[in-house]
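# Predicted structure and sequence below. I'll ask about it afterward.
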Amino acid sequence: LKEYEAQYRKSRAMIDSVRAQLFPTLSGKFDFARNAQGGSAQNSTNGFTYSTSHSYTSNTWTTGPSVSWTVDVWGMIRRQIQEQVTSAQASAAIVANMRLSYQSELATDYFSLLYQDSLIDLYARNVNLYQRNLKILQNQLDAGVADPTSVLQARYLLQSTQASLANAHIARAQYEHAIAVLTGRPPSALTIPATKLPVSLPPAPVAVPSMLLERRPDVAQAERNMASYNAEIGYEIGAFYPQFTLDASYGYSGNPLSQLIQAATRTWSLGAGASETIFNGGARSAAVREAEADYDNAVATYRQTVLSAMQDTEDQMSNLRYLEDQLALQNAAVQSADQAVTVSMNEYLAGTAIYTTVITAQQNALQYEQNQLSIREQRLVAEVKLIADLGGGWNSSELPTKASLQTDNPLLPSFIQKDKN
């Protein structure tokens, strides 16, 4: 986020750089020159040759200010300012969009961590159950009333569940490390206590398609990019017209230095000029076509961004609706599986069923409970994504205004100031 914030501050500085071209450039100079004229010559008289020397050396001191101003008659500089202002707004939208993306990733990782905590609790409960079953079967085998196959089946079911428990601990640690990095900390500096997945969800936010145009920072970014390229077209068209320049200077030039500042050595000038490129091989027309192509590309990107935003929102809303129905059915399946485990165990103890039936029932029950936790996690992630797809509470009004971007002491928007600090 600090990287994107620095890019935004750079874009603001570029506005000031372009805006400075609207004003005259004032320069000052102080020069010294030592000049010499004349030299030596060979002369002959009555057979005699001799040389003569005629030279003159003088010092010249010059000082004074000068002003040059390129008048923005055709609005080229103003178009550049408009281009940089909208580009800076797009940079601010990028900061907001990346901040929202990282927040969404953080929330998703957190709920994935809670899912692993719930899995760890599920596996731990089943490990305890399978240990008791194995102990019962081992006692029966020692008493000669159970077959070795049943003991082996109970043992590998326990061992595979213990392996799944260890794998859940690995995944849990990785999510905790990811959360630490996302919050700017080393992994060893963060410890999150074990917590199970919440059973209920807060009400899903309600939105209409038009809200996405104001709430989504990526849509705001695409819209500002489109406006920036539109201003670029105006700037390139301005190159077809002549440029007008005003120049003025005032100063003193003479010698000696002690008598430089006086009326006799005063100089001044005023001037105006116009320049126009008559022929450049079609470079200006090519630049306009290039700017128009950039604008068309930005328009297509904006349209696709809006459509993708609508698709993402509809996807998560439908996911929440159908996942709720799926969870209700899965809850019923878990209850039925638990009853099947109880019945199969009673039948085995009564001698009317083999232990393989119990193993199958327990494996099914464990799988159904895993699926139940997975659906609950999917619902939480879908709600997080829906909130992110709706902007996460952000609004385009939080972008810096065009007027604020052109002030001498601009303030960073609150959501960028927070990231900078």
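Good, I have the coordinates. Numbering: from 1, shown residues only.
# Below-threshold pLDDT in the chain: ranges please.
38-55, 207-209, 256-260, 263-264, 408-421 (pLDDT under 70).
# How about the most centrally placed residue in it: what's its closest non-neighbour residue?
Among the residues of the chain, Met98 comes closest to the average C-alpha position under C-alpha atoms, centre = their mean, at 3.4 Å. The shortest distance from Met98 to any non-neighbouring residue, by C-beta to C-beta, 6 or more residues apart in numbering, is to Tyr4 (5.3 Å). Where C-beta positions appear, they are placed from N, C-alpha and C, glycine not excepted.
# Ok, Asn331 next?
Gln372 (6.5 Å).
# Tell me which residues touch that neighbour, please.
Residues near Gln372 by C-beta atoms under 8 Å, 6 or more residues apart in numbering: 327, 330-331, 333-334.
# What helix or strand is the residue nearest to the centre of the chain located in?
helix 76-143 (DSSP states H and E).
# Report all helices and strands that that helix contacts.
helix 2-19, helix 148-182, helix 217-238, helix 355-389, helix 402-405, helix 414-420 (3 or more C-beta pairs under 8 Å, 6 or more residues apart in numbering; DSSP states H and E).
# separation between Glu83 and Ile77?
As defined by C-beta to C-beta, to the nearest Å, Glu83 lies at a distance of 10 Å from Ile77.
# who's more crowded, the two?
Glu83 (23 against 19; other C-beta atoms under 10 Å).
# how about the nearest residue to the more buried one, chain neighbours excluded?
Glu83 sits nearest to Ala231 (C-beta to C-beta, 6+ apart), 4.0 Å away.
# Trp69 now?
Closest to Trp69 by C-beta to C-beta, 6+ apart is Pro24, at 3.8 Å.
# Run a quick check on that neighbour versus Ser68, I expect a contact.
Yes - using C-beta atoms under 8 Å, Pro24 makes contact with Ser68 at a distance of 6.6 Å.
# For these two, list the residues in contact with both.
Leu246.
# Quick check on Asp31: phi, psi?
Torsion angles at Asp31 (phi, psi; degrees, to the nearest 10) stand at phi -120, psi 150.
# Return the set of residues that bridge with it.
Thr62 (DSSP bridges).
# Go ahead and confirm it touches Asn59.
No - assessed by C-beta under 8 Å, Asp31 is found out of contact with Asn59, at 11.1 Å.
# Give me the common contacts of the two.
With C-beta under 8 Å, 6+ apart, Asp31 and Asn59 have no common neighbours.
# Over to the nearest residue to Arg376 once chain neighbours are set aside. Which of the three states is it?
Spatial nearest neighbour of Arg376, excluding adjacent residues (C-beta to C-beta, 6+ apart): Leu197 at 5.1 Å. Under the three-state scheme (DSSP: H, G, I helix; E, B strand; the rest coil), Leu197 adopts coil.
# residue contacts, Leu197?
Per C-beta under 8 Å, 6+ apart, neighbours of Leu197: 111, 114-115, 117-118, 373, 376-377, 380.
# Filter those down to the buried ones and hand me the PyMOL line.
Buried residues within those, by 16 or more other C-beta atoms under 10 Å, are selected in PyMOL with:
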select buried, resi 111+114+115+117+118+373+376+377+380
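# before we move on, back to that, so the residue nearest to Glu83 makes contact with Gln89?
No - Ala231 lies out of contact with Gln89 (C-beta under 8 Å); the separation is 11.9 Å.
# Of these two, which one has the most company?
Just comparing Ala231 and Gln89: by other C-beta under 10 Å the higher neighbour count belongs to Gln89, 25 against 22.
# Wait, that one touches Pro400, no?
Yes - with contacts counted by C-beta under 8 Å, Gln89 reaches Pro400, the gap being 6.4 Å.
# contacting residues around the residue nearest to Lys402 when sequence neighbours are not counted?
In space, Lys402 comes closest to Val85 once its chain neighbours are excluded; the distance is 5.1 Å by C-beta to C-beta, 6+ apart. Going by C-beta under 8 Å, 6+ apart, Val85 touches 15, 402, 405-406.
# Many thanks, have a good one.
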